[in-house]
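Visitor: mind looking at a prediction? Sequence and model below.
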Amino acid sequence: MLGPSTENVILALAVVYIPRTARIVRASVLVLRETEFVQAAVAAGASHGRILRTHVLPNAVAPLIVQLSFLFAYAVLTEATLSFLGLGAVPPTPTWGNIMAEGRQYMVQAPWIIAIPGVALMLTVLGLNLLGDGLRDVLDPRLRIQP
């Protein structure tokens, strides 16, 4: 709607992904609000700021970090798709989508012009998803083995 530019891609990605991130944070805080350690802090007379700072925020950060790694992978893929379609960053900005779009006309003579950026994009998204999965395994207290 606003035309192709890097700023418009950033704006479009923010409009799509910020509400999702806010829902995740809200859900984490609502779950943490009902936990026993928060209820114990309330019963002990701790202030709202102290409960938020010492109990809720440290426990809500882990799911947020994991979700952001997945969202970053989706954002990279979405940006490449928008650039490939001509709605993203304007050439000669070197994005994987622009490189693949420019290589479309040479696909028969030189298929690696599209294949190499496509493989790099795939490996980046796969790596970010594996990073998020690994962070989930490390940061989730329910998955920790007790000695």
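Guide: Nice, thanks for sending it over.

Visitor: from here on, contacts and neighbour counts on C-alpha atoms
Guide: Noted.

Visitor: which SS class is G45?
Guide: Secondary structure state of G45, per DSSP: H, G, I helix; E, B strand; the rest coil, is coil.

Visitor: do T93 as well
Guide: T93 is classified as coil under three-state DSSP.

Visitor: got the contact list for it?
Guide: Shown in contact with T93 (CA atoms under 8 Å, 6 or more residues apart in numbering): no residues.

Visitor: which element is the residue most central in space within the chain on?
Guide: Central residue of the chain (CA atoms, centre = their mean): L71, 1.9 Å from the mean position. Assessed by DSSP states H and E, L71 sits inside helix 57-84.

Visitor: show me what that helix is packed against.
Guide: For helix 57-84, the contact count by 3 or more CA pairs under 8 Å, 6 or more residues apart in numbering; DSSP states H and E identifies helix 6-33, helix 96-103, helix 112-139 as packing neighbours.

Visitor: and the gap between R50 and V138?
Guide: According to CA to CA, to the nearest Å, R50 and V138 sit 26 Å apart.
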